[in-house]
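Peer 1: I would like to see how this sequence folds:
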Amino acid sequence: MGKKLKNSGLVGLGVVAGVAISLQFSAMAQKPVDPPLPLEELRQLADVFGLIKSDYVEKVEDKKLLTEAISGMVASLDPHSAYLDKKAYAELREGSQGKFVGLGIEIGQSEDGYIKIVAPIEDSPAWRAGIKAGDLISRLDNTPVKGLSLDESVKKMRGEPHTKVSMTILRKGEAEPLVFNITREEIHQKSVKGKIVEPGYAWVRISQFQEPTVDDLAAKIIELYKQDPNIKGLVLDLRNDPGGVLQGAIGVAAAFLPKDAAIVSTNGQLPDSKQIFYGRPEYYALRNDSDALAKLPAALKQVPMAVLVNTGSASASEIVAGALQDYKRAEIIGTQTFGKGSVQTIRQLTADTAVKLTTARYYTPNGRSIQAKGIVPDLAVDENADGDGLNALRTREADLDKHLTNDRDQEIAKSKRDELEEQLRIVALEKKRKPLEYGSADDFQLAQALNHLKGLPVQLAKPETTVVQTEAALGGIKKDLAKK
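Peer 2: Next up, the predicted model:
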């Protein structure tokens, strides 16, 4: 496929699809380096360092060269390992705590190269300024956003509290661009929201797994049961949830599963990466010593459930969906998930720098590896009644360079309908469609999940006209062609 469409993220959080973080802030990796050191390669590194210092057209600081060498070494491992400088480390910590300094908008890449406003966060600076879902950002200050990556645009919208950013907005129905001057503030984002969508049926959405997520989920469910004590069906919405704190995923799954159930296991080189995580407070409580799940209604363990997922559901979202699927606690509905089945551990190097290092793969309770495969829904349901929209064009873990392979199942090579004409057809159709608000009356997948809980017919996705072959089968085809 040609250039794929990027996943949406939260401005100021620096969200990358599928970042499951095991919050271990140790000084360095615990495994000693095995002797002998590769002296010849280290000499080459020193020689290149010296050449740059002596021959490069301009002087370069030692610190810059060494920092970039560290960054390149870590980034070469896989798409999710990274060196975190002072700014990146601070942003990661802020994001995991559910707060950041920014404008308070959820964004995505538009098909025209602009930045699309998915939704403003309620009571944020953008919300108060009048920014609306569906708006397109064409300029940030004096810089056109066309040609910028989503991450570069996010960085321009972040900044210090009480500083301003100018946004030029293209809005449907407005003849001229609109200019908003918005003051950055610290945003406190709630990762959980929910409501009674109709008598007896509740909808709970988790947008990202943060440190407060388990507490927020418990509070929201208690609130919903006060509104309707006779809830007979619950939809857990994990669509476009890119992951987050591993403990949050364990706690969310534990809320719906039997006491002390195994939620997820991990396996890597270090002894502490070979673990099984259970639905107990010691595995999910981060904020205090109390158990946020202890006050949940007992009925929650038995209420019929459906879980909504899509291509943007990654990492911690897949842990939850996989656990609920393995225990047959909920029916998984939607489209195949992103497929990020690796855990990143934060190893602190200095007071304000760290390395985010992939230290383990994770597995569902039945031992399934999600890496580069994802969770396959029990019921395949497109985002809309007439198709899956832009989800069909989105990048998944298996599309990323240097991704870890799935060590339990043979990876498959999948040939999608990737003709330019098909992509243009999908993009043209989406331009005519109004922005989808999850949980609204127009939410087609939610409607199908409710139909399932009520025992009514569900409109399933049309079978894809794709060619799916195992590596072994593809090898056989190649041999046959070679004979001709």
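Peer 1: please count neighbours and contacts with C-alpha atoms only from this point.
Peer 2: OK.
Peer 1: what's in contact with whichever helix in the chain runs longest?
Peer 2: Longest helix in the chain, counting residues (DSSP state H): helix 39-55. The contact list for helix 39-55 (Cα atoms under 8 Å, 6 or more residues apart in numbering) reads 59-60, 65.
Peer 1: buried residues, it. List them.
Peer 2: Neighbour-count burial for helix 39-55 flags Lys53 (criterion: 16 or more other Cα atoms under 10 Å).
Peer 1: I'd like the next helix or strand past that helix.
Peer 2: Sequence order places helix 62-75 as the next helix or strand after helix 39-55, per DSSP states H and E.
Peer 1: could you give me the average pLDDT of the helix or strand just after that next one?
Peer 2: Using DSSP H and E, the helix or strand that directly follows helix 62-75 along the chain is strand 82-84. The pLDDT scores in strand 82-84 average 93.
Peer 1: quick one: strands adjacent to strand 82-84?
Peer 2: Looking at strand 82-84 with DSSP bridges, its partner strands are strand 354-363 (antiparallel).
Peer 1: output the helix or strand where Arg128 lies as PDB, nothing but the C-alphas.
Peer 2: Using DSSP H and E, Arg128 falls within helix 125-129. Only the C-alpha atoms of helix 125-129 are listed here, as PDB (Å, rounded to 0.1, in the frame of the first residue of the first chain):
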ATOM      1  CA  PRO A 125      -8.500  26.200  26.100                       C
ATOM      2  CA  ALA A 126      -9.400  24.900  22.600                       C
ATOM      3  CA  TRP A 127     -12.900  24.000  23.800                       C
ATOM      4  CA  ARG A 128     -13.500  27.500  25.300                       C
ATOM      5  CA  ALA A 129     -12.100  29.200  22.200                       C
END
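Peer 1: just the helices in the stretch 251-400 of the chain please.
Peer 2: Secondary structure of the stretch 251-400 of the chain by DSSP state H, counting those that start in this stretch: the helices cover 281-284, 316-326.
Peer 1: only alpha carbons, please: show the last one as PDB.
Peer 2: Coordinates of each C-alpha in helix 316-326 appear next as PDB, following Å, rounded to 0.1, in the frame of the first residue of the first chain:
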ATOM      1  CA  ALA A 316      -2.800  -2.200  26.800                       C
ATOM      2  CA  SER A 317      -6.100  -2.200  25.000                       C
ATOM      3  CA  GLU A 318      -5.200  -5.600  23.500                       C
ATOM      4  CA  ILE A 319      -4.200  -6.900  26.900                       C
ATOM      5  CA  VAL A 320      -7.700  -6.200  28.200                       C
ATOM      6  CA  ALA A 321      -9.500  -7.400  25.000                       C
ATOM      7  CA  GLY A 322      -7.400 -10.600  24.900                       C
ATOM      8  CA  ALA A 323      -8.000 -11.400  28.600                       C
ATOM      9  CA  LEU A 324     -11.800 -10.900  28.300                       C
ATOM     10  CA  GLN A 325     -11.800 -13.000  25.100                       C
ATOM     11  CA  ASP A 326      -9.800 -15.900  26.600                       C
END
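Peer 1: OK, contacts around the closest residue to Gly147 other than its chain neighbours?
Peer 2: Using Cα to Cα, 6 or more residues apart in numbering and skipping the chain neighbours, the partner closest in space to Gly147 is Gly113 (7.2 Å). Counting by Cα under 8 Å, 6+ apart, Gly113 makes contact with 145-147.
Peer 1: name the element Gly113 belongs to?
Peer 2: Using DSSP H and E, Gly113 sits in no helix or strand.
Peer 1: okay, now the unreliable bits of the chain?
Peer 2: Residue ranges of the chain with pLDDT under 70: 1-35, 111, 287-289, 410-432, 464-484.
Peer 1: against which helices or strands is the helix holding Arg128 packed?
Peer 2: Counting contacts by 3 or more Cα pairs under 8 Å, 6 or more residues apart in numbering; DSSP states H and E, helix 125-129 packs against strand 178-183.
Peer 1: and the strand it packs on, which strands flank it?
Peer 2: With DSSP bridges as the test, strand 178-183 pairs up with strand 164-170 (antiparallel).
Peer 1: quick check, distance from the partner strand to the centre of its chain.
Peer 2: 26 Å (Cα atoms, centre = their mean, to the nearest Å).
Peer 1: can you check stretch 91-106 too?
Peer 2: 14 Å.
Peer 1: now that stretch: buried residues?
Peer 2: The neighbour-count check on stretch 91-106 (16+ other Cα under 10 Å) flags 91-92, 94-106 as buried.
Peer 1: with just CA atoms, put that stretch into CSV.
Peer 2: Output in CSV follows, covering the C-alpha atoms of stretch 91-106 (Å, rounded to 0.1, in the frame of the first residue of the first chain):
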residue,chain,number,x,y,z
GLU,A,91,6.4,14.5,28.4
LEU,A,92,6.2,10.7,28.9
ARG,A,93,5.8,11.1,32.6
GLU,A,94,3.1,13.8,32.2
GLY,A,95,1.2,11.7,29.7
SER,A,96,1.1,8.6,32.0
GLN,A,97,-0.2,10.8,34.8
GLY,A,98,-3.1,12.1,32.7
LYS,A,99,-1.9,15.8,32.5
PHE,A,100,0.0,17.9,30.1
VAL,A,101,0.5,21.5,29.0
GLY,A,102,-1.2,22.2,25.7
LEU,A,103,-4.4,23.2,24.0
GLY,A,104,-6.6,20.2,24.8
ILE,A,105,-7.6,18.7,21.5
GLU,A,106,-7.6,15.2,20.1
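Peer 1: adjust the sequence numbering to begin at 18 for everything that follows.
Peer 2: In the new count, where the first residue is 18, that last one comes out as stretch 108-123.
Peer 1: deepest of the helices of the stretch 268-417 of the chain, which one?
Peer 2: Of all the helices of the stretch 268-417 of the chain, helix 333-343 carries the top mean neighbour count, a mean of 27, counting by mean count of other Cα atoms under 10 Å.
Peer 1: tell me what angle it forms with strand 371-380.
Peer 2: 20 degrees (axes from the mean of the first three to the mean of the last three Cα atoms, to 10 degrees).
Peer 1: how far away from the center of its chain is helix 333-343?
Peer 2: The answer for helix 333-343 is 14 Å, by Cα atoms, centre = their mean.
Peer 1: touching that helix from outside, list them.
Peer 2: 35-37, 226, 255, 258-263, 265-267, 269-270, 274, 280-281, 324, 347-349, 354, 356-358, 380-383, 387, 391-392.
Peer 1: restricted to buried residues, select the residues you listed in ChimeraX.
Peer 2: In ChimeraX syntax, the buried subset of those is picked out as below (16+ other Cα under 10 Å):
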select :35,36,37,226,255,258,259,260,261,262,263,265,266,267,269,270,274,280,281,324,347,348,349,354,356,357,358,380,381,382,387,391,392
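Peer 1: hang on, the earlier thing: show me which of the contacts of Gly130 are buried.
Peer 2: Buried residues within the contacts of Gly130, defined by neighbour count using 16+ other Cα under 10 Å: Val162.
Peer 1: and whichever strand or helix holds Leu470, what's buried?
Peer 2: Leu470 belongs to helix 461-471 when assigned by DSSP H and E. Buried residues in helix 461-471, defined by neighbour count with 16+ other Cα under 10 Å: 461-467, 469-470.
Peer 1: what's the most distant pair in these?
Peer 2: Farthest pair in these (Cα to Cα) is Phe461 and Leu470. Separation: 14.5 Å.
Peer 1: related to what we said a few turns ago, what comes up buried for the helix holding Arg145?
Peer 2: Within helix 142-146, the residues that count as buried by 16+ other Cα under 10 Å are 142-144.
Peer 1: need the residues you listed in TSV (columns: distance to Gly217).
Peer 2: Shown next, in TSV, are the buried residues of helix 142-146 (distance: Cα to Cα, whole Å):
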residue	distance to Gly217
Pro142	35
Ala143	35
Trp144	32
